[in-house]
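Engineer: Quick one: sequence and predicted model below, then my questions.
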Amino acid sequence: MKKYFIIYRHLVYLSFSSLLAYRINFFNGIFASILWSSFGLLSTFLLTSRSPQVFGWTRNELLVLASVYNIFFGLFYLFFSRNFAELTRIIHFGQLDGYLLRPIDSQFSLTCWYQGLYQIARIIIGTIFLVYILSLMHIHITVLHVLSFVLFLIFGIIILYSVWFMVLTTTIWFTNLSNLVDFMYSVNLVTKYPQEMYKGFSQYLFIAIFPLTLAIVIPVKQLIEKIILGDIASLMITAILLFIVSRKFWQYALRFYTSASG
Amino acid sequence: MRYVRIFFLTFQQVFEQRGRSFVWFLISLWGPLITLLFWRGATNGGKTLIGGWSLQELSSYYFFMIIASSLLISNIEDDVSRFDIQLGNLTKYLTRPINYLHIKFIEDIPYRILKGIFGVIVCLVFFILLKGKFFIFAQDIATIFLAIIICVGGFLLSYMFKMILGVIAFWLIEVRGIYEAVDVTMFVFAGSVMPLSLLPHIIATIGYVLPFSYMIYFPIIAVEGKLSVMALCGVISVQAVWLLIFFLLYQFLWIRGIKKFSGVGQ
């Protein structure tokens, strides 16, 4: 375990060095992060401008959801999204051998190598807007609220990481579908809306996307004091189960990998 | 004749990669469907109106959005900026006796057709499952004919605009920030988030002035028969004006940009 912490520290240092070496790329990334986080908030603002309450959620609660969406995906994109894009490219070009031969876990090597540090802009914007909306709602936030919110956010990130990893592992069989990672960016939209939206439409749809509906909604419910014990249990159990399944699936899929000896 | 052959050759390549095209299509399918679920809640399952729009009208709008965003919106800018200009593939086009604008147009059409077919199939499935209840179509021949012209105009506008974005790479190495800014702007002002008439007045007014609504929003409501014949002619006129502006701007940028271009080892 200590070995992985040391390696990760070096990787973060390399990412930071790369950021300083390619400053235009960094500013471009910051600009794109600011744009998309602003758009996420703006689209929720526009959608709720005509309906003050949807699925039992008030407009302010939906804006809290949109702010946490920004923070959540700022964190996810910071730590993982670039690695997943690289994963599909590596599999597509048959370059996985080099990663499998390393004396470290292949899942760690492939999904934790790069960090998108410019996503910090998205996290900052999300946090500022969240604090503003919570103050409008007169919700008093304690240290316990923040700690439990962060803990639930981590479990939510584990759920999303596991889902992404399982879906993108299928590129071992379907090597041409390296653009699945772009599809996963659009699937993330599911997490932006309350569970009630899917439950009310179709039970089958709800069951199919159930893990994704937990990722952000449960931390938000914690903040707006709507959470129940069942929500916490379902979040944690789903996160742990999905992570185990994704890991087993990856190890199973590796049996089918064929390389280009690159 | 040569353009026809190029079209069929490109279509062969595109069809060979139909799995990838299907994944690209899924991206344009997902957003409208999720947003439609939101409107279902906002209208209390169709019991209330939102700004004069019923759930049926909103559903029809977003179902047509699936087809429109697949069929009418070009994605040629990445191909032009990254592969042709930055990686030097433009050289092979410059040595051919075919206009670059024309050949990229012919190469883009097969992608639009294939994604459009996916969109039509999906909407057909919804049409059958929902017994046609959530689809609204224009009824008279004149409106249908003008709507088709508006759809073609929408695609041409999108194509010319994206070509302009592509040739910006003659001057800029990193264009991703500009493309992201354009994507966000188009999402709002093309009516992808919600119909322009439901947006706040000032945003809607900006949307009617900018060309993006003429790429998606107006083609959709034209097909739905929501515009009179005079209004349809007005939309076509505005599309023609924007097309002329984009064409002249493209020519201006192309003539200056090609003098800066250099391709090594092609």
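Structural biologist: Okay, I see it.
Engineer: Surely residue A:52 and residue A:59 touch.
Structural biologist: Yes: assessed by CB atoms under 8 Å, residue A:52 is found in contact with residue A:59 at 5.1 Å. Every residue, glycine included, has its C-beta placed from N, CA and C.
Engineer: if you count what's nearby, which of the two comes out ahead?
Structural biologist: residue A:59 (17 against 11; other CB atoms under 10 Å in any protein chain shown).
Engineer: give me the element residue B:219 is part of.
Structural biologist: Using DSSP states H and E, residue B:219 sits in helix B:217-223.
Engineer: right, I mislabeled it, should have said residue B:48
Structural biologist: Using DSSP H and E, no helix or strand contains residue B:48.
Engineer: what's it sitting at in phi/psi?
Structural biologist: Backbone geometry at residue B:48, expressed as degrees, to the nearest 10, gives phi -120, psi 160.
Engineer: How much space separates it from chain A?
Structural biologist: For residue B:48, the distance to chain A (CB to the nearest CB, to the nearest Å) stands at 9 Å.
Engineer: same deal with residue B:177?
Structural biologist: Residue B:177 is 4 Å from chain A, where distance means CB to the nearest CB.
Engineer: Please apply the same query to residue B:250.
Structural biologist: Distance from residue B:250 to chain A, counting by CB to the nearest CB: 24 Å.
Engineer: Low-confidence stretches in chain B?
Structural biologist: Along chain B, the model assigns pLDDT under 70 to residues B:264-266.
Engineer: in it, which spans are helices?
Structural biologist: Using DSSP state H, the helices of chain B run over B:2-16, B:18-42, B:55-71, B:76-78, B:90-94, B:100-129, B:141-167, B:176-189, B:201-209, B:217-223, B:229-260.
Engineer: which residues sit against the third one?
Structural biologist: The set of residues external to helix B:55-71 that reach it, using CB atoms under 8 Å, 6 or more residues apart in numbering or on different chains, is B:25, B:28-29, B:32-33, B:35-36, B:39-40, B:43, B:45-46, B:50, B:53, B:112-113, B:115-116, B:118-120, B:122-123, B:126, B:133-136, B:151, B:154-155, B:191-192, B:195, B:216, B:219-221, B:223-224.
Engineer: what's the spacing between the closest residue to chain B within the stretch 51-200 of chain A and residue A:210?
Structural biologist: Nearest residue of the stretch 51-200 of chain A to chain B: residue A:51, at 3.8 Å (CB to the nearest CB). Distance, residue A:51 to residue A:210, by CB to CB, to the nearest Å: 25 Å.
Engineer: Who has more neighbours out of these two?
Structural biologist: For residue A:51 and residue A:210, the more surrounded residue by other CB under 10 Å is residue A:51, and the numbers stand at 19 against 15.
Engineer: can you tell me the residue of the stretch 1-150 of chain B closest to chain A?
Structural biologist: When scored by CB to the nearest CB, the stretch 1-150 of chain B has residue B:42 as its residue closest to chain A, at 3.8 Å.
Engineer: I'd assumed residue B:53 was in contact with that residue.
Structural biologist: No: applying CB under 8 Å, one finds residue B:42 not in contact with residue B:53, separated by 10.1 Å.
Engineer: and the stretch 101-250 of chain A, which residues reach chain B?
Structural biologist: Proximity of the stretch 101-250 of chain A to chain B is confined to A:174, A:176-180, A:182-183, A:185-187, A:189-190, A:193, A:196-198, A:200-201 under the rule CB under 8 Å from any CB of the partner chain.
Engineer: Filter those residues down to just the ones in helices.
Structural biologist: Among these, the ones falling in helices (DSSP H) are A:180, A:182, A:183, A:185, A:186, A:187, A:196, A:197, A:198.
Engineer: which secondary structure element contains the residue nearest to the residue of the stretch 1-150 of chain B closest to chain A when sequence neighbours are not counted?
Structural biologist: Nearest residue to residue B:42, sequence neighbours excluded (CB to CB, 6 or more residues apart in numbering or on different chains): residue A:51, at 3.8 Å. According to DSSP H and E, residue A:51 maps onto no helix or strand at all.
Engineer: Now for residue 184: which residues touch it?
Structural biologist: In the absence of a named chain, chain A is used. By CB under 8 Å, 6+ apart, residue A:184 lies in contact with A:84, A:164, A:167, A:168.
Engineer: Actually, chain B is the one I wanted.
Structural biologist: Contacts for residue B:184 were tallied using CB under 8 Å, 6+ apart; they are A:35, A:36, A:38, A:39.
Engineer: Please identify which pair of those residues lies farthest apart.
Structural biologist: The widest separation within the contacts of residue B:184, taken as CB to CB, falls between A:36 and A:38 and amounts to 7.3 Å.
Engineer: More neighbours: which of these two?
Structural biologist: residue A:36 (22 against 15).
Engineer: Let me know the pLDDT of the more buried one.
Structural biologist: With respect to pLDDT, residue A:36 has a value of 89.
Engineer: how far away is it from residue B:139?
Structural biologist: Distance of residue A:36 to residue B:139, computed by CB to CB: 40 Å.
Engineer: Ok, residue A:100 next?
Structural biologist: According to CB to CB, residue A:100 stands 62 Å off from residue B:139.
Engineer: and if you look at residue A:72?
Structural biologist: Shown here: residue A:72 relative to residue B:139, a distance of 46 Å by CB to CB.
Engineer: which of these two has more neighbours?
Structural biologist: Neighbours per residue, other CB under 10 Å: of residue A:72 and residue B:139, the larger number sits with residue A:72, 25 against 8.
Engineer: secondary structure element for the more buried one?
Structural biologist: Assessed by DSSP H and E, residue A:72 sits inside helix A:59-76.
Engineer: what's the spacing between that helix and its chain's center?
Structural biologist: Distance of helix A:59-76 from the chain centroid (CA atoms, centre = their mean, to the nearest Å) equals 12 Å.
Engineer: Show me what it is packed up against.
Structural biologist: Here helix A:59-76 touches helix A:23-47, helix A:120-136, helix A:143-169, helix A:203-223, going by 3 or more CB pairs under 8 Å, 6 or more residues apart in numbering or on different chains; DSSP states H and E.
Engineer: as a whole number, average confidence for the longest one?
Structural biologist: Average pLDDT, helix A:143-169: 93.
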